[in-house]
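# Fold the following, please.
(chains A, B and C)
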Amino acid sequence: MSIDLKTIKHIAKLSRISIDDKKAKELEKDLNSIFEFIEALNKVDTKKVDPLTSIVETSLKLRGDEVKTKNIREQILKNSPDENKDFFVVPKVVE
Amino acid sequence: MSDIINLTLSALINKIKKKELSSQEITNAYIARAEKSKDLNTYITTDFENAIEKAKKFDEKGNFDYKLPGIPIAVKDLFCTNNLKTTAGSKILSNFIPSYESTVTQHLWDEGAILLGKLNCDEFAMGSSNETSFFGNVESPVGKKVVPGGSSGGSASALAAKLTPTTIGTDTGGSIRQPASFTGTVGLKPTYGSCSRYGIVAFASSLDQAGPMTQDVSDAALMLDVISKYDTKDSTSVNFKRGDYFKSLSSNIKGKKIGIPKEYRVDGMAKEIESLWQDGITLLKKLGAKIIDISLPHTKYALPAYYIVAPAEASSNLARYDGVKYGYRSEGENLISMYENTRSEGFGDEVKRRIMIGTYVLSSGYYDAYYLKAQKIRRLIKNDFDEAYKSVDAILTPSTPSSAFKIGDKTDDPVSMYLNDIFTVPVNLSGLPAISIPAGKDKNNYPLGLQLIGKAFEEQNLLDISYSMEKELSFKNNLQDWWI
Amino acid sequence: MSKNKEYLIKRGNSEYEVIIGLEVHAQVLSKSKLFSDSPTNFGAEPNTQVSLVDAAFPGMLPVINEFCIKQAVKTGIGLNAAINKKSIFDRKNYFYADLPQGYQISQYKDPIVGEGSILLDLPDGEKKVGIERLHLEQDAGKSIHDIDPQNTLVDLNRSGVALMEIVSKPDLRSPEEVNLYIKKLRSIMRYLGTCDGNMQEGSLRADVNVSIRKTGDKKLGIRCEIKNVNSIKFMQMAIEYEANRQADILEEGGSIDQETRLFDTKKNETRSMRSKEDAHDYRYFPDPDLLPLELTDDFISKIRKEIPELPDEKKKRFVDKFKLTPYEANILVSDIETSKYFEDVIKNSDIKLATNWVTGELFALLNDRNLEISQSPISSKNLSTLINLIKDGTISGKIAKTVFEIMANESKDPKSIIDEKGLKQQSDPKEIEKIVDDVIKENPKNVELFKSGKDKLFGFFVGQVMKKTDGKANPKLVNDILKKKLN
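Coordinates of the predicted model:
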């Protein structure tokens, strides 16, 4: 199976990465060679195998319902690319 | 001063405790050497002024009972450090200053260690040669224009070049062990769940694990004592009974059963690797271990499965880098173009490639064929190890299929680069501990490493075996300081 | 609306049935968020209830809140649903300004709660609405479009707040059924204390799935999903609009596009949300930062023991034990605060009288002043006292209404009002006899007439006695004594 240019562009869109045609062609080549190598997996019969989703074989630990983080707005916004002291700022979104 | 930098971590600690050396003397020695070693490009960010200040404070009223009393340490730039830039080797985080500290680095400072600075690494730890860093290639002290391995390349290079007495890295598919092997140092990837992932920039959450990189095995044991701790802030941290690794270190391995997996004898493996492995087997026999041939039949599927699982998790983990909250932003006329420009300019090629792979294997219609399939293969690989461990205590393999290569040699061919991790990846997929120790050299005099893989949570066993081997191997890097 | 089953959309000779399913997002009542330790208070200053985890800083990891799990299990039990002992948290991946991680942690294939049901009281009987599932997930932040003309501002206070998504089966058939369903669901959660159900504050909102089919058809039509509607009224309007829109399309021979739509509350219409169209591949996969959630039998049975009497059971008890009509029981149990108030009142007073006073005078008062029962100026204790005063003859029902009015304005206890204003009923037979004698003495002519057979004049004598006692004479005594004296 091979990944075509259209798919590459769709994946880029889903990944929110802009690519031009040149880049798309490069990625087409790279991804196809990687997937060629990945396709080896098809040789293994896994019908009766349970997927391994977590390597840690214990149950999820639970925490108590306690508030520990109070107002740290300054810390939260300190690294923000915009200067606004109350909000994160993004280009206008029209819904 | 040259004496100081030639001491192992445990020797430095002894000297500090006996007051034969001060923290300031040690710190200054490493800083001075780092200043002369800029050509290796190991540091992304230095924090020398603060380090000197902290060393001074330690000498005035430090606690000498600490495990790392006044010891200066540089760490991989994947660990978030409070108030000090943390980049993960990426443009997208090139201006990011955390207001928090990773659990693992916090453990270092809590035991008296002093931060020297942040070491270069592959961007988001995605790479095997440190050539994907936004901050440039790192050179290995073992040879000009030679890669130090990756992704903890800056760490390995700095350690081998004696710019830090020890360091910590992270290992997702071999990122501690492979660079350790390339630079003639010791690299330990602990069992998944041993060291907290809190505050470490995530690459692939189910595989990432922090671990020590050291000059010798006892230093690794000492560092593991410090950083392996249960952490409630990481839901995958495991609360098992940790050993007293350094104190319990023993070189008596008589009767230990060591497995040799036939599937690691891959096609086209370099002769020198083959003989390195053979020598390791001979040595283990000499030390009284029992050698048992084993089979890990799904080994060859580990790498393809890894290149589904790791990118899938990464594609999601890296979605937070969107120019909204922190880091690099490229403006756009609307929200989507802001995202696309930011991520397109902010990420390097390898990272973008892996995000694309990850997005693809998770996308509608492909999930079962790729992601689910890989998770099933992962189960088979783990089952192989479980089966093997019914008859052996540990497994010996080469750390890498080849020795260090030249910068630029493999950058054009992603797959040949990925093949570097062929012996290390199965360990991450199975969550097991493994260590790489320097065991020989190739024809260019570049170091070669052997890997020991242990049972989950049995780091002590792994350390004991490698400790006993290390004594007999008496490996020396004999670096010529050509970069100074 | 007339009978529910008759909610049909008519076009020419065709009649369309409306099929509705709801995905309700209910905010879990908890102090801290689902995966972080920041607070969940409503109405705080922007970005002041945000932790490093909520804002998705590098290296931050989720740790789950046990209480939120208990709340979800509790709600599941309240919905007569199966509790899944193993459930899995997945990542739902999409980019949005108010989604800092670039994914929402949710439950996809293995939710914490499975199938259950809710009982609705319709005028023509009960209807069981199926629950498909309940799962836990994180809320997103809030994008604000109307402060800054050039930009969208993002407030992450809500980011990471625990939500229960409760998915119904497509069992609802009219806007009225949706109204009853939401109210019943809300009532159950408020009884359980798992969600405050406050729709103004966004604690309860729903995605509404609407499709139509010709009456008699078995196959479901293509549905549209109306996103994030935050009031019952808007849900009803949106369904009405959407069903008619779809009928228009089908009638003209067109076909419905399966799509996500938005209800525009200003124009009262739904419109397509094309902006989100291309983001529909959510790439769900198990969150590798979390392990499977496993619940023990012990954990579940402990929660089961904490489940209070729920509206359906309470209604049954009110009918069976207190002999209320189903209608009365319904209105008394639908809101937990009302039911608590009522049960407080009847602890020490007559049930029949209490039912009448609560559903009559008290509801009218609250309605009039637009108050919740928790804000009632008349406490359950005072109302109970008032009822007892009627019952033991201290005051008449008529006087009681006067006392009630004073209580409503002054929040005093009825006894002191009665004492202060001298409203106590005259029940001393000797006193009343004296007054009756006076009345007879003062009206000899009418006495004559009465005795000669003009029975109707009896009322006149009662009136005279009442007049002399400012209405406080015990009416029964007045009657008895008058009868005796006049005959």
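# hang on, isn't residue B:343 packed against residue B:322?
Yes. If you go by C-beta atoms under 8 Å, residue B:343 and residue B:322 touch, sitting 6.9 Å apart. Yep, even glycine has a C-beta here, placed from its N, CA and C like the rest.
# Identify the contacts common to these two.
Residues touching both residue B:343 and residue B:322 by C-beta atoms under 8 Å, 6 or more residues apart in numbering or on different chains: residue A:16.
# Give me the distance between residue B:191 and residue B:237.
Using C-beta to C-beta, to the nearest Å, one obtains 11 Å as the distance from residue B:191 to residue B:237.
# How about residue B:396?
29 Å.
# Now residue C:261. Nearest residue, chain neighbours left out?
residue C:270 (4.3 Å; C-beta to C-beta, 6 or more residues apart in numbering or on different chains).
# again with residue C:229
Closest to residue C:229 by C-beta to C-beta, 6+ apart is residue C:235, at 4.9 Å.
# Distance of that neighbour relative to residue B:81?
50 Å.
# what kind of secondary structure is residue C:437 in?
Put simply, residue C:437 is helix when judged by DSSP: H, G, I helix; E, B strand; the rest coil.
# Chain neighbours aside, what residue packs nearest to it?
That would be residue C:485: by C-beta to C-beta, 6+ apart, it lies 7.2 Å from residue C:437.
# now for the helix or strand in which that neighbour is found, which elements pack on it?
Assigned by DSSP states H and E, residue C:485 belongs to helix C:475-486. With contacts taken as 3 or more C-beta pairs under 8 Å, 6 or more residues apart in numbering or on different chains; DSSP states H and E, helix C:475-486 sits against helix C:429-442, helix C:444-451, helix C:458-468.
# okay if I get these as a markdown table plus mean pLDDT?
Formatted as a markdown table, the helices and strands packed on helix C:475-486 follow (pLDDT from 0 to 100):
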| stretch | mean pLDDT |
| --- | --- |
| helix C:429-442 | 88 |
| helix C:444-451 | 88 |
| helix C:458-468 | 88 |
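# now these as TSV including distance to residue B:61 and mean neighbour count?
Converted to TSV, the helices and strands packed on helix C:475-486 look like this (distance: least, C-beta to C-beta, whole Å; neighbours: other C-beta atoms under 10 Å in any protein chain shown):
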stretch	distance to residue B:61	mean neighbour count
helix C:429-442	95	15
helix C:444-451	110	13
helix C:458-468	95	16
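# thinking again about what came up before, ok, now which ones touch the residue nearest to residue C:261?
Residue C:270 neighbours (C-beta under 8 Å, 6+ apart): C:224, C:226, C:238, C:241, C:242, C:245, C:261, C:262, C:263, C:264.
# Is there a quick ChimeraX command that grabs whichever of those are buried?
Filtering the contacts of residue C:270 down to the buried ones (16 or more other C-beta atoms under 10 Å in any protein chain shown) takes a single ChimeraX command:
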select /C:224,226,238,241,242,245,261,262,263
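# Of the contacts of residue C:270, which is the nearest to residue B:177?
residue C:262 (52.5 Å; C-beta to C-beta).
# Are we agreed that the closest one is in a helix?
No. Counting by three-state DSSP, residue C:262 is not part of a helix but strand.
# OK, contacts around the closest residue to it other than its chain neighbours?
Counting by C-beta to C-beta, 6+ apart, residue C:262 lies nearest to residue C:273, which is 5.0 Å off, once chain neighbours are set aside. Applying C-beta under 8 Å, 6+ apart, we find residue C:273 in contact with A:95, C:227, C:259, C:260, C:261, C:262.
# On the three-state scheme, the residue nearest to residue C:261 is what?
Residue C:270 - assigned by three-state DSSP - is strand.
# any idea of the pLDDT on it?
We have a pLDDT of 91 for residue C:270.
# Show me what it bridges to in the sheet.
Counting by DSSP bridges, residue C:270 is bridged to residue C:263.
# Count the residues that sit near residue A:44.
With neighbours defined by other C-beta atoms under 10 Å in any protein chain shown, the count for residue A:44 comes to 17.
# Next one: it relative to residue B:374, how far apart?
For residue A:44, the distance to residue B:374 - C-beta to C-beta - is 10 Å.
# repeat for residue C:340
55 Å.
# Equivalent analysis for residue B:344, please.
Residue B:344 is 27 Å from residue B:374, by C-beta to C-beta.
# Stretch B:412-421 near chain A anywhere?
Yes. Stretch B:412-421 reaches chain A (C-beta under 8 Å from any C-beta of the partner chain) through B:413, B:414, B:415, B:418.
# let me fix that: stretch C:59-74
Yes. Stretch C:59-74 reaches chain A (C-beta under 8 Å from any C-beta) through C:63, C:64, C:65, C:66, C:67, C:68, C:69.
# ok, the second one touching residue C:36?
No. Applying C-beta under 8 Å, one finds residue C:64 not in contact with residue C:36, separated by 9.8 Å.
# Compare neighbour counts for the two and give me the winner.
Remark: of residue C:64 and residue C:36, residue C:36 carries more neighbours, 27 against 22, as counted by other C-beta under 10 Å.
# Make sure residue C:155 is actually in contact with residue C:141.
Yes. Residue C:155 is within contact range of residue C:141, at 5.8 Å (criterion: C-beta under 8 Å).
# which residues do the two both contact?
If you check residue C:155 and residue C:141 against C-beta under 8 Å, 6+ apart, the residues they both contact are residue C:98.
# more crowded one of those two?
Using other C-beta under 10 Å, the more surrounded residue of residue C:155 and residue C:141 is residue C:141, with 25 against 21.
# and for stretch C:427-436, what are the contacting residues?
Under C-beta under 8 Å, 6+ apart, the answer for stretch C:427-436 is C:393, C:426, C:461, C:465, C:468-469, C:473-474, C:477-478, C:481-482, C:485.
# Likewise for stretch C:291-307?
By C-beta under 8 Å, 6+ apart, stretch C:291-307 touches A:53-54, A:56, A:58-61, B:235-236, C:64, C:69-70, C:73-74, C:77-78, C:83-89, C:110, C:112, C:192.
# Distance from the chain centre to it, please.
Relative to the centre of its chain, stretch C:291-307 is centred 27 Å away, using C-alpha atoms, centre = their mean, to the nearest Å.
# how about that stretch: buried residues?
C:291, C:292, C:293, C:295, C:299, C:300, C:303.
# Next, give phi and psi for the third one.
Per-residue torsions, residue C:293: phi -90, psi 120 (degrees, to the nearest 10).
# Alongside chain C, which residues does chain A contribute?
Counting by C-beta under 8 Å from any C-beta, the residues of chain A that sit close to chain C are A:13-14, A:16, A:53-54, A:56, A:58-73, A:75-77, A:84, A:86-95.
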